[in-house]
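Q: Got a predicted structure here, sequence first:
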Amino acid sequence: MAAQEIYSMLRGRKDVEIKIQSMAGSAASVIAMANHSEISPVAMLMIHNVSMSGASGDYHDMQKNAEILKKMNSALASAYVEKTGKTEEEILKMMDRETWINANQALELGFVDAITQDSVVMVNTVSGMRLTDEIRQQVTAEKQAKDREEEEKKLLLYDLDFYGV
């Protein structure tokens with residue numbers, strides 16, 4: 001359910017770039033369909049049927065759950081259909097087989113728009129915020145200024161020691 005919410009929030013936004021760095025499997029593959037997407041040459045996608053755990057009840061309940069799962073598969077398949085232009089039948093067959101897709105296949109099949117040619121993307125591991133060149137340059141400049149200040153302190157202390165003050 002969360003994947004559907006995230007997909008819907010990202011879909012069609014102009015300020016969203018989807019970059020698959022390693023693995024977009026299961027719900028993440030649905031989210032990756034929400035907008036323009038690029039995939040690392042070494043990354044993969046995986047699509048499969050919706051599953052349900054902890055089901056209980058009699059055979060009527062199990063039949064009802066099977067129908068619900070089929071409807072959920074169809075709902076999620078629509079994201080793949082819209083992105084790839086494939087038919088729902090083709091996508092549902094891929095989901096039935098739990099299909100693993102490498103970067104070249106993802107591009108060829110229309111699951112992504114491009115294979116990333118960029119250099120490494122750095123992110124802040126606390127918040128996941130993408131670190132731009134501007135942010136890295138600012139942090140580097142601040143570190144260099146602090147290092148210079150520390151060096152000046154050391155020289156001042158050395159001079160004070162040397163002159164016995």
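A: Great, that's in hand. Numbers count the residues shown, from 1 in each chain.

Q: which ones are touching the nearest residue to residue 98 once chain neighbours are set aside?
A: Closest residue in space to residue 98, ignoring its immediate chain neighbours: residue 48 at 4.1 Å, by Cβ to Cβ, 6 or more residues apart in numbering. For the C-beta atoms, the positions are set from N, CA and C on the backbone; glycine is no exception. By Cβ atoms under 8 Å, 6 or more residues apart in numbering, the residues touching residue 48 are 26, 95, 98, 99.

Q: try it again with 7 Å
A: Residues near residue 48 by Cβ atoms under 7 Å, 6 or more residues apart in numbering: 26, 95, 98.

Q: Likewise for residue 107?
A: Per Cβ under 7 Å, 6+ apart, neighbours of residue 107: 114, 115.

Q: I'd like the C-alpha coordinates of the helix or strand harbouring it written as CSV, please.
A: Element membership for residue 107, per DSSP states H and E: helix 103-109. Output of helix 103-109 as CSV, limited to C-alpha atoms (Å, rounded to 0.1, in the frame of the first residue of the first chain):
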residue,chain,number,x,y,z
ALA,A,103,19.8,-2.3,-16.7
ASN,A,104,20.0,-3.1,-20.4
GLN,A,105,16.8,-5.1,-20.3
ALA,A,106,15.0,-2.4,-18.2
LEU,A,107,15.9,0.2,-20.9
GLU,A,108,15.0,-2.1,-23.8
LEU,A,109,11.6,-3.1,-22.2
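
Q: Which neighbouring elements make contact with the next helix or strand after it?
A: Using DSSP H and E, the helix or strand that follows helix 103-109 in sequence is strand 114-115. For strand 114-115, the elements it packs on are strand 37-39, helix 103-109, judged by 3 or more Cβ pairs under 7 Å, 6 or more residues apart in numbering; DSSP states H and E.

Q: right, and the helix or strand after strand 114-115?
A: helix 133-162.

Q: quick one: average confidence on that following helix?
A: Here helix 133-162 scores 89 as its mean pLDDT.

Q: Likewise for stretch 100-118?
A: Stretch 100-118 comes out at a mean pLDDT of 95.

Q: how much distance is there from it to the middle of the chain?
A: Distance, stretch centre to chain centre, for stretch 100-118: 14 Å (Cα atoms, centre = their mean, to the nearest Å).

Q: Surely residue 32 and residue 19 touch.
A: No - taking contacts as Cβ atoms under 7 Å, residue 32 lies outside contact range of residue 19: 9.3 Å.
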